[in-house]
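> A predicted structure for the sequence below; I have some questions about it.
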Amino acid sequence: MPDLRLMPREGLTLARVRIELLSGLTVALALVPEAVAFAFVAGVHPLVGLYAAFLVGLITALIGGRPGMISGATGALAVVMVSLVAQHGVEYLFATVVLMGALQIIAGVMRWGKFIRLVPHPVMLGFVNGLAIVIFLAQLGQFKVPGTMENTGHGMSGGEWLSGMAMWTMLGLVALTMAITWIMPKITRIIPAPLAGIAVVAGLVIALGLDVPRVGDLASIQGGLPSFHIPTVPLTLETFEIILPYAVILAAIGLIESLLTLNLVGEMTGERGGASQECIAQGIANTVTGFFGGMGGCAMIGQSIINVKSGGRMRLAGVAAALFLLIFILFAAPVIELIPLAALVGVMFMVVIGTFAWNSLTILRKVPLTDAMVIVLVTVVTVKYDLAIAVVVGVIVSALAYSWNNAKRIHAVTDMQDNGTKVYRVQGPLFFGSAEGFNEMFDPKNDPETVVVDFADSRVVDQSALQAIEAMAAKYEAAGKRLQLRHLTRDCHKLLTKAGHLVVDSDDDPDYAVAADYSVKTGILGGGH
């Protein structure tokens, strides 16, 4: 059952409530421009992004896999949605978000979230570095004149840069926010440093009447409560064929980003587990959001880091962030729209500094070349394309490199016994990558009449390994030599067909499973029994 605690087990204290609420307020302020900007990227009304931030944030805060995480509308999903909205309209987007959520629930129920363990550490480093760069680049749009940027289908681009005093004022306010955010923890932790930076800079701008870009320049965030709305799309097979590809991609991207953020927050807070629960929570959140006019979302690494570093550790902070965001929409829009974008950009720049794995720059020269290449590759692909592609590419490259390194480990130590028998003691794993090298170790033509192949120091891994053993045995039988196979598992005994009668059964045989399909064991060498 999900952990629904809003407070720590040690008890409810005023100090903890204050920390959680102030952290939630800080996150809510940072969510506003992000949700509006991502709505623009997707080509929908700003409230569609804000409703998604509220609903996804609230539901995942309550039942998500780990307290401290913040979810909402994200750019990784928005760039996928833009073509769907442009071609078919926003109602198809809502239907897609509902289907996306259903797929994520299925992934959670099937416990597919555990496969995030297959993501190697170099991929994680590339992920955080790439995402830090993406967050940084996303803030550069705030240094352009509001109203001059255009949606090209791949995000907001173009536009005129601020110039002269306007640019210097913007840069000064950003620097001031960053300085306050950095200095504040050294003075007091009563108020979260990002919130202090936003409050001081906003107060300064309002008091002096400085003419700088503000939240209200992006769009009005004034609105009402999200209302239940069934997507008005035809319930036909054609509709399903349109939305399914988008739903699958969105579900995959959302889960990958959420689960990687789950791991990152877990490292910061010292917690583990919760992957399947997070998948289900994301699915429920997106399904509900699709029925309430939201664009869907997933975990947000930037806001999650703001929350954790502001002291938010419990579910109360995430719930408070969502409720504060709703209050902004319903009642406080005129006030929130006065906040200078420079203050929020300064906070996000501090997130970039805190997110980027600076130690990866020094370890690139110390780790194996393959790992260094994976870190750089994942970083570049994350920035150039998107997170999901980057992670998949990183995992594939890492897996291929691992297979290649293991393939080179296969070798055999040979010795001749007094009775003229030659013994091959195979060492290293035998699998698809090392099967060719395995077959090259033997010399059926020149070997003596009796040959023993001992697998005590090896491990037969898959169907390719079994086929390699069969092929090697066939060569010795064709040469008229007597061959014995020793120290194979009971599993191998069952799976080997042509060479099965050559296996020597002994009490000290190892015991492990072979990743092979029993249904294809016949015909390995082109024939049956």
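Arrived safely, thanks for sending.
> what sits against the nearest residue to I105 once chain neighbours are set aside?
Sequence neighbours aside, G283 is the residue nearest to I105 in space, at 3.4 Å (criterion: Cβ to Cβ, 6 or more residues apart in numbering). No exception for glycine: its C-beta is placed from N, CA and C like everyone else's. By Cβ atoms under 8 Å, 6 or more residues apart in numbering, the contact set of G283 is 101-108, 251.
> from what I see, G433 and N405 are in contact.
No: if you go by Cβ atoms under 8 Å, G433 and N405 don't touch, sitting 9.0 Å apart.
> longest single strand anywhere in the chain?
Counting residues, the longest strand found in the chain (DSSP state E) is strand 450-460.
> look up phi and psi at R272.
With angles defined as degrees, to the nearest 10, R272 sits at phi -130, psi 170.
> same deal with the one 10 residues further on?
Taking degrees, to the nearest 10, you get phi -60, psi -40 for the backbone angles of Q282.
> same thing with A102?
According to degrees, to the nearest 10, A102 has phi -60, psi -40.
> next, count neighbours for it.
By other Cβ atoms under 10 Å, 17 other residues sit near A102.
> same question, S403
Close neighbours of S403, defined as other Cβ under 10 Å, add up to 15.
> hmm, back to that, going through the contacts of G283, which ones are buried?
101-105, 107-108, 251 (16 or more other Cβ atoms under 10 Å).
> circling back to that earlier point, in helices only, show me the contacts of G283.
Among these, the ones falling in helices (DSSP state H) are 101-108, 251.
> TSV please, covering those and showing pLDDT and distance to L341.
Listed next are those as TSV, based on pLDDT from 0 to 100; distance: Cβ to Cβ, whole Å:
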residue	pLDDT	distance to L341
G101	97	32
A102	97	37
L103	97	36
Q104	97	33
I105	97	37
I106	97	40
A107	95	37
G108	95	37
A251	94	32
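> any chance of those residues in JSON lines, with distance to Y424 too?
Putting the ones in helices among the contacts of G283 into JSON lines (distance: Cβ to Cβ, whole Å) gives the following:
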{"residue": "G101", "distance to Y424": "56"}
{"residue": "A102", "distance to Y424": "54"}
{"residue": "L103", "distance to Y424": "50"}
{"residue": "Q104", "distance to Y424": "50"}
{"residue": "I105", "distance to Y424": "52"}
{"residue": "I106", "distance to Y424": "48"}
{"residue": "A107", "distance to Y424": "45"}
{"residue": "G108", "distance to Y424": "48"}
{"residue": "A251", "distance to Y424": "49"}
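> what is the nearest of the residues you listed to R313?
Using Cβ to Cβ, G108 is the member of those that lies nearest R313, at 23.5 Å.
> make sure that closest one is actually in contact with I280.
Yes: counting by Cβ under 8 Å, I280 is a contact partner of G108 at 3.4 Å.
> strands of this structure, residue ranges please.
With DSSP E, the ranges of strands along the chain come out as 71-72, 150-151, 156-157, 298-299, 411-416, 422-430, 450-460, 482-486, 503-504.
> of these, which is nearest L131?
strand 298-299 (11.2 Å).
> go ahead and measure how far the closest one is from the middle of the chain.
Averaging C-alpha positions (Cα atoms, centre = their mean, to the nearest Å) puts strand 298-299 10 Å from its chain's average.
> residue contacts, the nearest residue to G49 once chain neighbours are set aside?
With sequence-adjacent residues excluded and distances taken as Cβ to Cβ, 6+ apart, G49 is closest to A39, at 3.1 Å. Contacts for A39 (Cβ under 8 Å, 6+ apart) come out as 45-50, 73, 78, 295.
> that older thread, when G433 and N405 are compared, which one has more neighbours?
For G433 versus N405, neighbours defined as other Cβ under 10 Å are more numerous around G433 (22 against 12).
> spatially nearest residue to the more buried one (excluding sequence neighbours)?
Residue nearest to G433 in three dimensions, not counting chain neighbours: A407, with 3.5 Å by Cβ to Cβ, 6+ apart.
> tally of neighbours for that neighbour?
Neighbour count for A407, taken as other Cβ under 10 Å: 19.
> show me which pair in the contacts of A39 is furthest apart.
Farthest-apart pair in those is L47 and A78; separation 14.7 Å (Cβ to Cβ).
> pLDDT weak spots in the stretch 351-500 of the chain?
Applying pLDDT under 70 to the stretch 351-500 of the chain flags no residue at all.
> what do you get if the cut-off is 90, keeping everything else the same?
Applying pLDDT under 90 to the stretch 351-500 of the chain flags the ranges 351-352, 354-357, 359-370, 382-392, 399-409, 418-419, 461-463, 489-500.
> now the helices for it?
Assigned by DSSP state H, counting those that start in this stretch, the stretch 351-500 of the chain shows helices spanning 359-363, 369-384, 387-407, 435-440, 463-478, 490-495.
> how close does the residue nearest to G433 get to S458?
A407 sits 13 Å away from S458, going by Cβ to Cβ, to the nearest Å.
> for G254, list the residues it contacts.
Counted by Cβ under 8 Å, 6+ apart, G254 has contacts 74, 76-77, 100, 104, 282, 286, 296-298.
> likewise for K481?
Applying Cβ under 8 Å, 6+ apart, one finds that K481 lies in contact with 444, 447-451.
> dump those to CSV, plus distance to V374 and neighbour count.
Putting the contacts of K481 into CSV (distance: Cβ to Cβ, whole Å; neighbours: other Cβ atoms under 10 Å) gives the following:
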residue, distance to V374, neighbour count
P444, 40, 17
D447, 42, 18
P448, 46, 13
E449, 49, 11
T450, 47, 15
V451, 41, 22
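> now, the most widely separated pair of the residues you listed?
The largest separation in those, counting by Cβ to Cβ, is between P444 and T450 at 12.3 Å.
> what are the phi and psi angles of H487?
Here the main-chain torsion angles of H487 (degrees, to the nearest 10) amount to phi 60, psi 40.
> excluding its backbone neighbours, what's nearest it?
Once flanking residues are discounted, H487 sits nearest to A456: 4.1 Å by Cβ to Cβ, 6+ apart.
> can you count the residues close to that neighbour?
The number of residues packed near A456 is 13, by other Cβ under 10 Å.
> correct me, but it touches R425?
Yes: using Cβ under 8 Å, A456 makes contact with R425 at a distance of 7.1 Å.
> apart from its neighbours in sequence, what residue is nearest V41?
Leaving aside its chain neighbours, V41 sits nearest to A78 (4.1 Å; criterion: Cβ to Cβ, 6+ apart).
> wait, N307 touches I70, no?
Yes: applying Cβ under 8 Å as the test, N307 and I70 come out as touching, 5.2 Å apart.
> ok, the buried ones among the contacts of G283 vs F328, which is closest?
For the buried ones among the contacts of G283, the residue nearest F328 by Cβ to Cβ is G101; the value is 24.8 Å.
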